[in-house]
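Enquirer: Got a sequence here, can you model it:
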Amino acid sequence: MSEMMPEEYHTYKIKSYVNASHAMRWEDGEGKQHNHTWEIICEIHTSNDHMIIFNDLEKAVNRVLAGISGQFLNQLAYFEKVNPTLENVTIYLFHLIGPELEKMQANLIRIEVGESPTRFYCISATE
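Expert: Below is the predicted model of the structure:
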C-alpha cells in the first residue's frame, strides 16, 4: 500500500535589512531616539504556484523598505499617532508590502520583523 503524499504548498522567502530609528512614546513623554538594523523576512505565495523571479520579489519589497530606510520612524505620517513599537512597525510593513506583492500575483502570507537578533514580531495572513 502506498501512502498519500501531502499536498504541497510552495512559498518564497525574502530577507531584507533596513536601518531606521525610533523612540518609544510613554505616558510621561518620549524615550530616547535609537537606531536598529531591522530584519524583515517575508514569506510569499504566488497565485496558481507560478514562478516569479526572486529579483522581482526583492525589488517589490525594497520599494516599500526604501520609504523607511534611514528614517526616524516617529516622523512618518503613520507613526505620528501610532507608537512605533516593534509590533506596530510590523503591522505597518505588512499593510504596505502586501499590496505591492499583489500587483505581481503574489500574496504576503507571513512577515517577521526583528529589531534585534533575538526579538521578532510576526504576522501571518489568514485565508
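Enquirer: Would you mind listing the buried residues in the longest helix along the chain?
Expert: Using DSSP state H to assign secondary structure, the helix with the most residues in the chain is helix 86-102. Judged by neighbour count (16 or more other Cβ atoms under 10 Å), helix 86-102 contains these buried residues: 86, 88-94, 96-98, 100-101. Using the backbone N, CA and C atoms, a C-beta is placed for each residue, glycine as well.
Enquirer: Format those residues as JSON lines; extra columns: pLDDT.
Expert: Below are the buried residues of helix 86-102 laid out as JSON lines (pLDDT from 0 to 100):
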{"residue": "86", "pLDDT": "97"}
{"residue": "88", "pLDDT": "98"}
{"residue": "89", "pLDDT": "98"}
{"residue": "90", "pLDDT": "98"}
{"residue": "91", "pLDDT": "98"}
{"residue": "92", "pLDDT": "98"}
{"residue": "93", "pLDDT": "98"}
{"residue": "94", "pLDDT": "98"}
{"residue": "96", "pLDDT": "98"}
{"residue": "97", "pLDDT": "98"}
{"residue": "98", "pLDDT": "96"}
{"residue": "100", "pLDDT": "95"}
{"residue": "101", "pLDDT": "95"}
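Enquirer: re earlier: which strands and helices lie in contact with whichever helix or strand comes after the longest helix of the chain?
Expert: Downstream of helix 86-102, the next assigned helix or strand under DSSP states H and E is strand 106-116. If contacts are counted by 3 or more Cβ pairs under 8 Å, 6 or more residues apart in numbering; DSSP states H and E, strand 106-116 sits against strand 34-46, helix 86-102, strand 119-124.
Enquirer: Can you list the buried residues in the shortest one?
Expert: Buried residues in strand 119-124, counting neighbours by 16+ other Cβ under 10 Å, are found at 120-121, 123.
Enquirer: Ok, stretch 8-17 next?
Expert: Buried, per 16+ other Cβ under 10 Å, within stretch 8-17: 12, 14, 16.
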